[in-house]
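Asker: what's the 3D shape of this:
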Amino acid sequence: MLKFGSVPLKTKLPAVFVGIGLLVAVMVGFIGYFEIATFAQSVLTERVESLAKDGKAAVEDYYMEMGTDIDDISRSPNTVAGYRRLAMGWKSNPVDPAGTVISDYITNNPQPAGHRKDLVRAETPNTYNQQHSEFHPAFRTWTDLHGYRDFLLIDLDGNVIYSVMKSTDFASNLLTGPEKAGPLAKAFAQAKADAKAEVHFSDYSAYGPSAGAPAAFAAKTVTDENGN
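Answerer: So this is what the prediction gives:
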């Protein structure tokens with residue numbers, strides 16, 4: 001599960017349309033100044049239609065590229081292994097796995113919010129922290145390299161068992177928690193219900209762990225070499 005971007009999609013997508021808006025505004029101002037009314041209308045209409053097509057193509061290309069990223073990482077042997085072993089670590093604490101990892105990676109994290117990803121291994125000696133230390137560096141590097149805001153692993157029960165950023169959605173439950181109606185939960189539900197294991201994108205909507213700012217997610221089931 002991916003959250004857009006260190007240059008987030010909520011920045012990239014508006015940038016396409018803002019760019020179109022600025023070009024249109026400049027053209028309108030230029031044409032209005034010389035009062036070429038009839039000619040301006042024709043040229044402007046053609047230009048707006050061209051810009052709209054270009055903008056649509058840019059957005060489609062971006063989504064296609066992102067879909068490829070997500071498909072690749074979901075099939076990666078390292079992701080499959082990481083999910084299995086982090087899930088094993090999560091389940092190794094049958095009493096309160098969520099409370100334990102929240103304490104280790106949020107409450108007692110020496111790094112402030114926004115930099116919690118710098119902690120590779122919490123001090124508590126347990127299975128989850130051992131597995132986290134082995135897989136977190138690679139997941140963090142991949143997320144930063146591809147420009148996503150976060151990378152999350154979610155089990156079938158809706159538990160967010162791993163997050164690069166360790167925001168407040170980490171260790172939450174998407175079926176019963178405060179964000180059960182949010183964009184992450186919606187993307188998760190779509191991916192979970194999809195027998196074809198395709199990439200699913202949520203719409204932008206207010207998201208609590210992002211301080212209420214709009215957020216969107218892409219989700220896909222993790223599949224091993226046998227398609228399981």
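Asker: where exactly do the helices run in the protein?
Answerer: Ranges of helices in the chain, per DSSP state H, are 9-34, 37-75, 77-91, 97-102, 127-146, 183-193.
Asker: and those, which one is worst for confidence?
Answerer: Looking at these, the lowest mean pLDDT belongs to helix 9-34 (a mean of 37).
Asker: which strands or helices does the strand of greatest length in the chain pack on?
Answerer: Scanning the chain for the longest strand, with DSSP state E as the assignment, gives strand 148-154. For strand 148-154, the contact count by 3 or more Cβ pairs under 8 Å, 6 or more residues apart in numbering; DSSP states H and E identifies strand 2-4, helix 77-91, helix 127-146, strand 160-163 as packing neighbours. Glycine gets a C-beta too; all of them are placed from N, C-alpha and C.
Asker: will you turn the ones you listed into JSON lines that also has mean neighbour count?
Answerer: Converted to JSON lines, the helices and strands packed on strand 148-154 look like this (neighbours: other Cβ atoms under 10 Å):
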{"stretch": "strand 2-4", "mean neighbour count": "26"}
{"stretch": "helix 77-91", "mean neighbour count": "17"}
{"stretch": "helix 127-146", "mean neighbour count": "18"}
{"stretch": "strand 160-163", "mean neighbour count": "26"}
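Asker: coming back round to it: can you list the strands that the longest strand of the chain pairs with?
Answerer: strand 2-4 (antiparallel), strand 160-163 (antiparallel) (DSSP bridges).
Asker: pick out the shakiest of the ones you listed, pLDDT-wise.
Answerer: Mean pLDDT per stretch puts strand 2-4 lowest among the strands paired with strand 148-154, at a mean of 51.
Asker: contact partners for Gly67?
Answerer: By Cβ atoms under 8 Å, 6 or more residues apart in numbering, the contact list for Gly67 reads 199, 218.
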